[in-house]
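1. Pasting the sequence and the predicted coordinates here, then a few questions.
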Amino acid sequence: MSDTEILPETTMETILQAIPAAQRALFQRYHIGGCSSCGYQPTDSLAKVCKDHNILDINEVITFLHQAHKLDLNIQIPATVVKSWLDDAQDFSFLDVRSGEELEAGAFEPAELMDYNASEKYMELPKDRKLVFVCQEGARALNVAAYFQGHGFTEVYCLQGGIDAWQREVGAGAKSA
């Protein structure tokens, strides 16, 4: 985690840079930042955002943001670990969650393309099934992983740094379309 200390006067821009999980965490717990009526400006301080949303305990929010960041770090795994799981033929689901535009760059062979139109297929998996999500850089995969965690899945991971990191660390997998 960044060494940035989060104080009531810290701007949201600084918080989001220091704790990438903050946007998702604030929305999930406090319904902050998901739409225009609950949004904030990058220059708003955390104190202003809390006041605008009737949150009285700013220290609770700061603690929660740090916890969210730790959870994100705990579910991110390096490409070399996922590659070893594949090489050892471990049983897990490796799911590519890239958007249509990102998919134009080519298939990512080790992973199965997630079918968003068949969400029941994934929700019916055993809750202790090991799931690893991947996208181009890692951010979307973290969001999808958080979604599955929120639905009771206990073995949820995200490829740290996404396909970009995979190509740097492992070197294979992406094929041009």
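-> Right, received. Where do you want to start? Numbers count the residues shown, from 1 in each chain.
2. host element of the spatially most central residue of the chain?
-> Geometric centre of the chain, nearest residue: L142, 1.5 Å, by Cα atoms, centre = their mean. Per DSSP states H and E, L142 falls inside helix 139-150.
3. what's the next secondary structure element after that helix?
-> strand 156-159.
4. buried sites along stretch 129-139?
-> By neighbour count on 16 or more other Cβ atoms under 10 Å, the buried set for stretch 129-139 is K130, L131, V132, F133, V134, C135, Q136, G138. Where C-beta positions appear, they are placed from N, C-alpha and C, glycine not excepted.
5. whoops, I mixed them up, stretch 21-37
-> Neighbour-count burial for stretch 21-37, counted by 16+ other Cβ under 10 Å, picks out A21, A22, Q23, R24, A25, L26, Q28, Y30, I32, G33.
6. can you list these in a markdown table and add distance to D91?
-> Conversion of the buried residues of stretch 21-37 to a markdown table gives the following (distance: Cβ to Cβ, whole Å):
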| residue | distance to D91 |
| --- | --- |
| A21 | 28 |
| A22 | 34 |
| Q23 | 33 |
| R24 | 29 |
| A25 | 31 |
| L26 | 35 |
| Q28 | 30 |
| Y30 | 37 |
| I32 | 39 |
| G33 | 37 |
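7. Out of these, name the ones that lie in helices.
-> Under the assignment DSSP state H, the buried residues of stretch 21-37 contribute A22, Q23, R24, A25, L26, Q28, Y30 to helices.
8. what does the helix holding L142 contact?
-> For helix 139-150, contacts defined as Cβ atoms under 8 Å, 6 or more residues apart in numbering pick out 20-21, 24, 28, 72, 75-76, 95, 97-99, 114, 122, 131, 133-135, 156-159, 162.
9. Distance of the residue nearest to the centre of the chain relative to L65?
-> As judged by Cβ to Cβ, to the nearest Å, L142 and L65 stand 15 Å apart.
10. Not counting the longest helix anywhere in the chain itself, show me its contacts.
-> Criterion DSSP H: the longest helix present in the chain is helix 58-75. Applying Cβ under 8 Å, 6+ apart, the external contacts of helix 58-75 come out as 1, 6-8, 15, 19-22, 24-26, 29-30, 46-47, 50, 55, 142, 145, 149, 156-158.
11. mind listing what the following helix or strand past that helix pairs with, with the direction of each?
-> Following helix 58-75 in sequence order, the next helix or strand is strand 76-77 (DSSP H and E). Partners of strand 76-77 in the sheet, by DSSP bridges, are strand 156-159 (parallel).
12. so how far is the strand it pairs with from its chain's centroid?
-> Relative to its chain's centre, strand 156-159 lies at 8 Å (Cα atoms, centre = their mean, to the nearest Å).
13. Kindly format the C-alpha coordinates of that strand as CSV.
-> Below are the C-alpha coordinates for strand 156-159, written out as CSV (Å, rounded to 0.1, in the frame of the first residue of the first chain):
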residue,chain,number,x,y,z
VAL,A,156,-11.6,-16.0,-5.4
TYR,A,157,-8.4,-14.5,-6.9
CYS,A,158,-7.4,-12.0,-9.4
LEU,A,159,-4.3,-12.1,-11.7
